[in-house]
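> coords below, sequence missing:
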Ligand code: SF4
């Protein structure tokens, strides 16, 4: 709990408030020094049970965003004379009227919803996303997972059965492993993705310090690679082939050993047959990695005391993302490293999502997108289909969009087409506190308070954490009195379509919670709980906090509403300002497995059916220049670029290329190059570096703040280049529908 509860601010005394940083999955604990209503300093909380004082430069964003003069605090309506502030009540009435009319005329699917990342890591409002989607009854729901994590979600769902994406993703037990193989990920800078791990550089370095081995495979010699024992370049898009060749080696050299998965897998022989053509020699030229190196890495991985392979963004946002994700888990399972200390483990969150009930085995593709027939996953469609769903006439065409804390014109593939699509919409509403590249096209913008002004519980990240902890953040500074939280905004938009139009927030929330409590009670028959008992126990609470308290009480350490008197409630977590440490990860495969067979499905048809496409690509022998992205330390999402700390140090938005390519193409370090793809062309400053593999160039994403009509005073002074002007929504991983963001064919020439 923060030492300063909302309402305690005022006067000039200095006080310290504790809050977990909202800007990435690492969830570092912060100590904010506050004077009156000003945040005067941000430091790492040395007593935080998980991060122990570690922070990266982005933590300063909590202060700078709170004080940012460009941040909106009240709804604004676009008019012929420019943006005009309007009261909250008028904003919600307008949304109800316009969406109501469009749904009546064109059906439920005429309204689309795109929910951005901050809804998860910044505010628990994402718990109200299903409420909104259900109220609108639309199939056109998109989220950022469909930009980058979808292949991993689908693969783990098919193999382990997690009924929601990310419910059965394993994380590396990095603090105990003897051998960490990182492919297509740069945790030293990203601080982990689908892996909550404060102090990534320290934890990576510790692997080597205790005598372990860190091996990195990436087309760029990343910051993580520079901490490693060895690094190997890999051609973008060939990760799946490499990993399947390593699995092939396990079978060929009789190194398969299932460990905890023994007797709990299906189709081991089908995997052996499937990887038979992927010999190291067959993939070497495609991957640009020598066959003996592939064999050596497979042998070393299999013979290590404990080992784990971690693949992330680079393995997902490419043409074979689902196959590459499959290869990562096959390697872990077939070497006996699943569900063991030092291997790939399942976190055990104290407030588990599964306590919400309704846990059928994972399924996807229950419906497909209307135009290009790409599959839904967990009720979401791939973001790569959004533009065509807006632009293609016919029944089910999207005519209005709700954008929830997202800037897809800088985060999703093919910005030009997406911008054209958004301009065609009859009604565009953004829940966002900035007028950025995307929200400038909105008819109405509803801002919500920044992290400094709302409380939070580390819910989603706890499902992906390398250690089990519990942390609650109070609101360090009180929000403006009339400003609704993000969950209230979602509920108020949904209420008229739930028959609750005139209800106040508490009444509407009670109706929502009654349903949630009924599901949760039904999921725990052994506790003999009723929904009425849960609702009565939590009658005075409201919003996500009430849902979290219920999940915590039903979770492995909870009091089960008095049935386990020594167990916890949310009040216990609030009473621990630096969090509660629940210890290292423990084996729990049997609790997690939720497939129809009750076993790990090693060879789902989705993967087997995609192998001919990979083999066909391997036979193409193209020599195109390929564009990849990269994470930079001072940025994660585009909204950060309006904060001054992001521009300190070396300017990061450069086109990196190898000296060999620079010589061949006649461009030089410090000069400019024109990069052209099927979808667009941009000019970027060149940085020549031996860290790039020849044949590959790299641009960071999220930049290009040069669109007309934005109100991002700081970002527009140094706009950078928009990498997603070059990425292509028509190039995608066929199994998941995820657009290719790493491995876009481009030409490069001096500008
Ligand atoms: S690594 Fe940086 S951005 Fe991520 S949580 Fe920690 S301080 Fe925040």
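Cool, got the structure. What you see is a predicted model; the values in this text were computed from it and never measured. Numbers count the residues shown, from 1 in each chain.

> Spell out which residues sit in contact with the closest residue to the ligand within the stretch 101-250 of the chain, please.
Nearest residue of the stretch 101-250 of the chain to the ligand: residue 191, at 3.9 Å (C-beta to the nearest ligand atom). In this view, the C-beta of every residue, glycine as well, is placed from N, C-alpha and C. Going by C-beta atoms under 8 Å, 6 or more residues apart in numbering, residue 191 touches 24, 25, 26, 56, 197, 198, 200.

> Most neighbours of all those residues, which one?
residue 198 (30 neighbours; other C-beta atoms under 10 Å).

> Which pLDDT does the model give residue 439?
With respect to pLDDT, residue 439 scores 97.

> From residue 98, how far out is it?
17 Å (C-beta to C-beta, to the nearest Å).

> does the residue of the stretch 601-750 of the chain found nearest the ligand count as helix, strand or coil?
Proximity of the stretch 601-750 of the chain to the ligand (C-beta to the nearest ligand atom) peaks at residue 636, 6.6 Å away. Recorded secondary structure, residue 636: coil (DSSP: H, G, I helix; E, B strand; the rest coil).

> Hmm, it is touching residue 23, no?
Yes. Counting by C-beta atoms under 8 Å, residue 23 is a contact partner of residue 636 at 5.9 Å.

> avg pLDDT for stretch 573-587?
On average, stretch 573-587 scores 97.

> Residues in contact with it: which ones?
1-3, 18, 29, 45, 47-50, 171, 173, 175-176, 260, 339-341, 345-348, 350, 457, 466-472, 474, 552, 557, 572.

> which residues does residue 61 contact?
23, 640, 643, 645, 646.

> and with 6 Å instead?
Residue 61 makes contacts with 23, 640, 643, as judged by C-beta atoms under 6 Å, 6 or more residues apart in numbering.

> Among those, the buried ones, what's the PyMOL command?
Burial among the contacts of residue 61 is assessed by 16 or more other C-beta atoms under 10 Å; the matching PyMOL selection reads:
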select buried, resi 23+640+643
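
> which one of the contacts of residue 61 is nearest residue 497?
residue 23 (32.6 Å; C-beta to C-beta).

> now the closest one, nearest residue through space, not along the chain?
Nearest non-adjacent residue to residue 23, counting by C-beta to C-beta, 6 or more residues apart in numbering: residue 58, 4.7 Å away.

> returning to what we had before: out of the contacts of residue 61, show me where the pLDDT dips lowest.
Ranking the contacts of residue 61 by pLDDT, residue 640 lands last with 87.

> Confirm that that one sits in a helix.
Yes. Residue 640 sits within a helix when classified using three-state DSSP.

> Okay, it and residue 366: tell me how far apart.
Look at residue 640 and residue 366: by C-beta to C-beta, they are 36 Å apart.

> rewinding a little: ok, residue 439 and residue 98, which is more surrounded?
When neighbours are counted by other C-beta under 10 Å, residue 439 and residue 98 differ, and residue 439 comes out ahead with 29 against 17.

> Pull the contacting residues for that one.
Residue 439 touches 430, 432, 445, counting by C-beta under 6 Å, 6+ apart.

> what about 8 Å?
Residue 439 touches 403, 407, 430, 432, 445, counting by C-beta under 8 Å, 6+ apart.

> Was I right to think residue 83 contacts residue 76?
Yes. At 4.3 Å, residue 83 counts as touching residue 76 under the criterion of C-beta under 8 Å.

> Identify the contacts common to the two.
Joint contacts of residue 83 and residue 76 (C-beta under 8 Å, 6+ apart) are 435, 445.

> More neighbours: which of the two?
residue 76 (22 against 18).

> That one against residue 87, yeah?
No. Counting by C-beta under 8 Å, residue 76 does not reach residue 87; the two are 11.4 Å apart.

> what's near enough to touch the one residue sitting closest to the centre of the chain?
Central residue of the chain (C-alpha atoms, centre = their mean): residue 145, 5.5 Å from the mean position. Residues in contact with residue 145 (C-beta under 8 Å, 6+ apart) are 153, 165, 166, 377, 380.

> Just the ones of these in helices?
Among the contacts of residue 145, the residues falling in helices (DSSP state H) are residue 153.

> Now for the contacts of residue 145: which two are most distant?
166 and 380 (11.8 Å).

> neighbour-wise, which of these two wins?
A count of neighbours by other C-beta under 10 Å puts residue 380 above the other of residue 166 and residue 380, at 24 against 19.

> who's that one bridged to?
Residue 380 forms beta bridges with residue 377, as assigned by DSSP bridges.

> Also residue 696?
Bridge pairing for residue 696 (DSSP bridges) gives the partners residue 626.

> when you give positions from now on, start the count at 28
Right, with 28 as the first residue, what we last looked at is residue 723.

> burial measure for it, as a count.
Residue 723: 23 neighbours (other C-beta under 10 Å).

> so what's it up against?
Going by C-beta under 8 Å, 6+ apart, residue 723 touches 246, 247, 262, 263, 652, 653, 654, 655, 684, 685.

> can you rerun that using 7 Å?
Applying C-beta atoms under 7 Å, 6 or more residues apart in numbering, one finds that residue 723 lies in contact with 246, 263, 653, 655.

> Next: residue 235.
Neighbour list for residue 235: 241, 256 [criterion: C-beta under 7 Å, 6+ apart].

> give me the element it is part of.
If you go by DSSP states H and E, residue 235 is part of helix 227-236.

> With residue 736 instead?
Going by DSSP H and E, residue 736 is not part of any helix or strand.

> Now the residue of the stretch 428-577 of the chain found nearest the ligand: closest residue in space, sequence neighbours ignored.
Of all residues in the stretch 428-577 of the chain, residue 488 sits closest to the ligand, at 9.2 Å by C-beta to the nearest ligand atom. Nearest residue to residue 488, sequence neighbours excluded (C-beta to C-beta, 6+ apart): residue 223, at 4.0 Å.
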